[in-house]
Structures are given as structure tokens and as C-alpha cells.
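J.: Pasted the sequence and its predicted model underneath.
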Amino acid sequence: MHMMQFYSPSSLLRFCCYCGSAGLETARKKQLVFLGSPPVAASVLDKLFHASRAPDSTFELAAIVTQPPSARHRGKKLMPSPVAQHALDLGFPNNLIFTPERAGEDDAKETGVSLVYTVRALDAGPIIAFEKFQVDDCIKAPELLSILFDRGGKLLIQELTSIFDGFARLTALEQDDSRATLAPKLRVEESWLSFDEDALVVHNKVRAFAGWPGTRTKVQIVHDNEPPQILELKIITTKVYNNQFQGGGNVTFEGGVLIFPCAHGSALEVLEVQLPGKKAVSARAFWNGLRGQRLQKLS
């Protein structure tokens, strides 16, 4: 028996509309995502929420997608949408309430763990059980790995009885080889980042390459009346910049992070960096060390 972990980004809606048609999935409740914002939508949410709690319910409320908080009343305090507020009042988990700026944003990601039988081919054995769950896009790779092993360990304990008595062998799902994708061995040369790609692509590469080989880039420090200095930086931790970037080609500093312009008006927030032979430092510490000099990315 072998436990396999994988990370496969996909949209929230794709995850929550997923319905199994065989094996273990048939006994589980259907996953429902509610989209809405105004007070009238909150009344529908209320009915769905209470119906999902009924003992004979065939579905459960997996997530809510609603408008971001907006400034209301005299104090201009940011307030959640009526749907989000009602969901919180009902005790719905805050981490399952998603508020993308645009409905088309791929803001909620999924990952998962699976148990498979070992066969001669790598990771190709029948699937005993699997679990998908959502993760915050900002989570660091070591934290994600810890979550995966924690979930995987629990799944293993849960399925041990059926493995020992042979029932798991009868219900295991054969893998579809036609849907398999090749994951070649990583090379150090692949660790270089290209900011000519969309920020989300760059961010996912930083997370995927965390640990080894890591991700690197070269930046240019511009001095007045002096030749520019080129530095190699290891990029440790990143986030995707939420707004349309208007800063041109220069790397800027905003809210404690370095902002690297990327393709299609997107931008990458860099939270931690590391110079060769040095310890990792925060973006603020690195920026303060520039002492007012300009920072530019290199193609």
C-alpha cells in the first residue's frame, strides 16, 4: 500500500460540483456552492442551510461565493455582503466564504491526498480512498506539505480496517492511464522565474519549487550617475497582487512587500527573499537596505 500526495489547482466551482459515480463517492452527500449577495439571496441561503442540516438531507453546503466587503454607513467601515453576514450569523465557517473581486476569478484552489495499492508502475495502483479539500492560495509550501501528511495519516487510519479485511480491494477504483500526465524530474535550470508570465503562474512555480531547487531571479539596482548593479535573488514566499498593477516596469514596495510587475497587468507580491550566501530576509528588510535606490526586474 502506498500513500500519494498531489497538488492540482482548479476552480472552486469545479471542486464543489464534483460528484462521484462509483465506489466511495456514491455514499457521500452532494456538495453545493451558493452564489449570491443581496438580502433576498440571504433568505434563500437560510432555507438551504437549514435543509442541509436535516438528517435525511442529500446535500451539504460546501462554500459560499459573494461580493467583497464594501464601505457602508457614515463611518465607511467595510461591511460584509448581506449573504456573507447571514452566513456568519448561522455559524457557517468564515474560511469557506469566498469574496472574489470578479466572479471569474480562480480564487479558491484544491488539493488532496489518496491511498493507492502499490503495483510495478509508479503511482499507478487502484485507488483505495481519496480526499479533496480547499487550501488558501497564500499558504506556504512547507505548511501545505504538513497539511497533506496530516490528512493522509487520518485517511490511512480511517481505511485500515477495510484494507485488512479485503473490502478495500473490492471497492478500489482503477486509475485511468489516459488521463495521467508526465511529471519529469526537476532540473536546477528550471528554477529561474520569468515575470513575462501571469503572476498566478509565477506564484504557483514558487510554491511548487519550494525547498529544492527553489526559485531565483535577477534584479537590477539603479544608482544615479553610476552603472547599474545586478543581483541574484532567491524568491522564498509570494502572493498574487489582488489589483490591476499600474507601476510600470519598476519593482515597487507597498504594504511591506515587493511588487513585481508580470504579464497582462498582473503583479506578484514577494514577501521574503534571500541573497546568495545569506539568510532569508523579509521584503521590508531588503527594501530598507536599498536606501532609496531603484529596483528593476530583468527579462
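T.: Cool, the structure landed. Residues are numbered from 1 along each chain as shown.
J.: Give me the distance between S146 and I139.
T.: Distance, S146 to I139, using C-beta to C-beta, to the nearest Å: 10 Å. C-beta coordinates here come from the backbone N, C-alpha and C atoms, glycine included.
J.: With V201 instead?
T.: Counting by C-beta to C-beta, the gap from V201 to I139 is 17 Å.
J.: same question, D89
T.: Distance from D89 to I139, counting by C-beta to C-beta: 27 Å.
J.: Who has more neighbours out of the two?
T.: The residue with more neighbours, out of D89 and I139, is I139; 14 against 10, by other C-beta atoms under 10 Å.
J.: The residue nearest to the more buried one when sequence neighbours are not counted is in what secondary structure piece?
T.: Excluding its sequence neighbours, the residue lying closest to I139 (C-beta to C-beta, 6 or more residues apart in numbering) is I147, at 7.7 Å. Using DSSP states H and E, I147 maps to helix 141-164.
J.: and if you look at N243?
T.: Here N243 is assigned to no helix or strand, by DSSP H and E.
J.: quick one: buried residues of stretch 275-282?
T.: Within stretch 275-282, the residues that count as buried by 16 or more other C-beta atoms under 10 Å are 281-282.
J.: And stretch 219-238, by the same measure?
T.: 219, 231, 233-238.
J.: What mean pLDDT does it get?
T.: The pLDDT scores in stretch 219-238 average 90.
J.: How about stretch 81-91?
T.: 92.
J.: Just the CA trace of that stretch, in PDB.
T.: Extracted in PDB, the C-alpha atoms of stretch 81-91 (Å, rounded to 0.1, in the frame of the first residue of the first chain):
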ATOM      1  CA  SER A  81     -22.400  41.500   2.000                       C
ATOM      2  CA  PRO A  82     -25.900  40.500   3.400                       C
ATOM      3  CA  VAL A  83     -25.300  36.900   2.300                       C
ATOM      4  CA  ALA A  84     -21.800  36.800   4.000                       C
ATOM      5  CA  GLN A  85     -23.200  38.300   7.200                       C
ATOM      6  CA  HIS A  86     -26.100  36.000   7.300                       C
ATOM      7  CA  ALA A  87     -23.800  33.000   6.700                       C
ATOM      8  CA  LEU A  88     -21.600  34.100   9.600                       C
ATOM      9  CA  ASP A  89     -24.700  34.600  11.800                       C
ATOM     10  CA  LEU A  90     -25.700  31.000  11.000                       C
ATOM     11  CA  GLY A  91     -22.300  29.800  12.100                       C
END
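J.: any residues touching it, and which ones?
T.: 34, 36-39, 41-42, 45-46, 49, 64, 66-70, 79-80, 94, 97, 99 (C-beta atoms under 8 Å, 6 or more residues apart in numbering).
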